[in-house]
Every structure is written in structure tokens, then in C-alpha cells.
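Participant: Structure for the following, please:
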Amino acid sequence: MASPTVRRFPWNGVAACRQYPSFGPMKRTLGHGLGLISLWALLFRATGADITIQGSDTMVVLAQKWAEGFMASNSAVSIQVNGGGTGTGVAALLNRTADIATCSRKIRAREVEGYVRAFGARPKEYAVALDAVVLHVHESNPVKVLDPAQIQGLFTGHIRNWREVGGPDLPVVLYGRESSSGTYEFFKETALQGRDYAQGMQMLQGTAQVLAAVARDRGGVGFCGGSPGGGTRRLNIATAPGAEGIAATEETVRSGKYPFWRRLYIYLNPAVDVGPAHEWVEWIRGDAGQALVSELGFFPLSPVGK
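Facilitator: As a prediction, the model looks like this:
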């Protein structure tokens, strides 16, 4: 299939009317009430445009699949997807270097304040998928279940050998996500109850890097979302010492039984929350977009077929 043809317009709607005289009457009409945001939205819809997305590394492959699926039937729209972490994506949105931020957590109060300063309105939040943050160990590690105290002990550095949790006599090697990652913050808040990570934890950019590191390290353990893993084994989580371990499945995530589940979100610049960008968000929340969610290890917002 040929690459989509994209016509690029300046971000400034008035400049667009000056550069393209055919929009002059539109400028005069819209100037009486719709304002610059509405003008930009109409130009975006009428001409096709680039949509720039930045944010969660957990979501980057999923967002790329969503972009490819949407562009296949919307050839006038070009969507560029970048990672960098949830915090980086929110900063790019507020700085207007991205139209959309993908986030593996809700945006913080200080980020909401920044959004209001930047755009004069509170952000509209779109949930787009469900996810489970899962602990992975090397496939040779016999440990199958960890409880909250054991997880906290491992990732704060108080448990340093696997034999302390019923495993082999091997030093524990911790792998996690970078501090700009929403997954880093989510796991710290939910699993560690706000405690600091061990200083020796190796912080990696994305899910693929965490899985690759654990797969080659017999003493490794790492956390990530959105992937079944390869060369690793997923641990079940017990809610208390001696309790039965709970696996991360669609049923346990949807019911809330699995303790480390979350929603994934999208936030938009309000100027583009109409036209192609808004249509893309609605597409990913619909049947076609949600069908891609399960393929990549996430869970759809609603049960399939309902």
C-alpha cells in the first residue's frame, strides 16, 4: 500500500488562512465565535494532518499497532508514535511538541495544573485498555509465588538471596523501569507502598529490555506490563503469606483480584480533540482497536463480544 499523502499546515490557524487564501472566508466566519481552537480543528479535519504521540514505553508497540490500523483506512492522516516514558509524554503534551500523551498511569495533580496553565481547561481522560504489571523470573527459577512482604523485601534490597523466599542459593538481581516510566511509579506505589527501590536495581527503558535481561540472568527478577514474556516465567501474587497465588488473567484483572492491575490512558491537546485525532481515539476504544489489545498482552476495556 502506498504511503499516505499528508498535507502539512502550520500550528497557527490564522497563519494557515494567510498562507492559503482559499481559507480566507472561513477565517472571517470563524473569527466571530469559534476561535483559534475551533479553526484549527476544522483545518485538521478538512486537510488531514500529522498526529504526534509520545509517552509510555509500555504502550509504544500497542500505539504503533493502533496507528497502523487507523491509517490503513484513513490515508490522509499520518501518525507518529514515540516512547520515552509517561512523564516524558505528558511534558511533551504540555510543551505542545506532542498532540497526544500515552500514559500507563493517571496524570498527577501537578501535571493537571500544568495542563490548565497550558490550555486553559482541565484534561479529558480517555481509558484505552487494561493492564497487569507482572513479576518475571528466569525460567529455571523454581519460585512460583511471592507475597507482598517478599516483593517489598526483594525490591527494597532487604532480601538479597533467592533462598530467603524458597528459591536457589543465588543472589537476587533486580530489573525495573526508568524513573520517567509510569510503570516505575505504579509499582513503587502499589507493590512497595511508596518505599524506595534498592539502589542496585538496574533501570531499563522498556518492557522488552526488562524481559531480555531477566531471560539471560538466572538470579534476575523484573517487573513490566503488557507482555506474556519469552524466556521468562511469570510469578503469581499472593495477597498474604501462605495464601494461594493469583495469576494475571483477564478475569482476575477485570475483577480486581490480581493486585497489580491498572488502566492505560490517553490525554490530548484540546485543540486537536476533534477531527482525526479524536476519531483515532474513538477508533482504538471501539471494536477494531480493542481487538489489537489482547494480541499484545493487554486486556480490552470490555469483555470481547460484549
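Participant: Give me the neighbour count for the closest residue in space to residue 171 that isn't next to it in sequence.
Facilitator: Counting by CB to CB, 6 or more residues apart in numbering, residue 171 lies nearest to residue 219, which is 5.3 Å off, once chain neighbours are set aside. For the C-beta atoms, the positions are set from N, CA and C on the backbone; glycine is no exception. When neighbours are counted by other CB atoms under 10 Å, residue 219 registers 19.
Participant: any idea of the pLDDT on residue 219?
Facilitator: As predicted, residue 219 sits at a pLDDT of 98.
Participant: got it, and residue 230?
Facilitator: In this model, residue 230 carries a pLDDT of 72.
Participant: can you tell me how far it sits from residue 223?
Facilitator: For residue 230, the distance to residue 223 (CB to CB, to the nearest Å) stands at 16 Å.
Participant: what's the answer for residue 278, then?
Facilitator: When CB to CB is applied, the distance between residue 278 and residue 223 equals 33 Å.
Participant: ok, now residue 264?
Facilitator: Distance, residue 264 to residue 223, using CB to CB: 16 Å.
Participant: between these two, which one's more packed in?
Facilitator: Here residue 264 and residue 223 are set side by side on neighbour count (other CB under 10 Å), and the busier one is residue 264, at 28 against 25.
Participant: can you give me the strands in the stretch 51-200 of the chain?
Facilitator: Counting by DSSP state E, counting those that start in this stretch, one finds strands in the stretch 51-200 of the chain at the ranges 78-82, 100-103, 125-138, 145-146, 173-177.
Participant: Other residues contacting the last one?
Facilitator: Right, the one you point to is strand 173-177. If you take CB atoms under 8 Å, 6 or more residues apart in numbering as the criterion, strand 173-177 is touched by 57, 85, 154-155, 157, 183-184, 187, 197-198, 200-206, 210, 213-214, 217, 219-224.
Participant: Give me the below-cutoff pLDDT ranges for the stretch 1-150 of the chain.
Facilitator: The stretch 1-150 of the chain contains residues with pLDDT under 70 at 1-49.
Participant: what's the nearest residue to residue 106 if we skip its chain neighbours?
Facilitator: The shortest distance from residue 106 to any residue other than its chain neighbours is 6.4 Å, reached at residue 265 (CB to CB, 6+ apart).
Participant: Make sure I have this right: the one you found is in a strand.
Facilitator: Yes - assessed with DSSP: H, G, I helix; E, B strand; the rest coil, residue 265 lies in a strand.
Participant: Please name the residues that touch it.
Facilitator: Remark: with contacts taken as CB under 8 Å, 6+ apart, residue 265 is in contact with 102-107, 125-128.
Participant: do residue 290 as well
Facilitator: Applying CB under 8 Å, 6+ apart to residue 290 gives the contacts 129, 284, 300-302, 304.
Participant: Kindly recompute the last result at 6 Å.
Facilitator: If a contact means CB atoms under 6 Å, 6 or more residues apart in numbering, then residue 290 has residue 300 as its contacts.
Participant: and the gap between it and residue 182?
Facilitator: Between residue 290 and residue 182 the distance, using CB to CB, works out to 21 Å.
Participant: Residue 292: helix or strand, and which one exactly?
Facilitator: If you go by DSSP states H and E, residue 292 is part of helix 287-295.
Participant: now the helices for the stretch 1-150 of the chain?
Facilitator: Using DSSP state H, counting those that start in this stretch, the helices assigned to the stretch 1-150 of the chain run over residues 13-19, 24-30, 35-47, 60-72, 86-94, 109-119, 148-156.
Participant: Tell me the buried residues in the helix holding residue 292?
Facilitator: When burial is assessed from 16 or more other CB atoms under 10 Å, helix 287-295 yields the following buried residues: 289-290, 292-293.
Participant: closest to residue 163 among these?
Facilitator: For residue 163, the nearest member of the buried residues of helix 287-295 is residue 293. The distance, counting by CB to CB, is 38.9 Å.
Participant: contacting residues around the closest one?
Facilitator: Applying CB under 6 Å, 6+ apart, one finds that residue 293 lies in contact with 129, 300.
Participant: I'm done for today, thanks for sticking with me.
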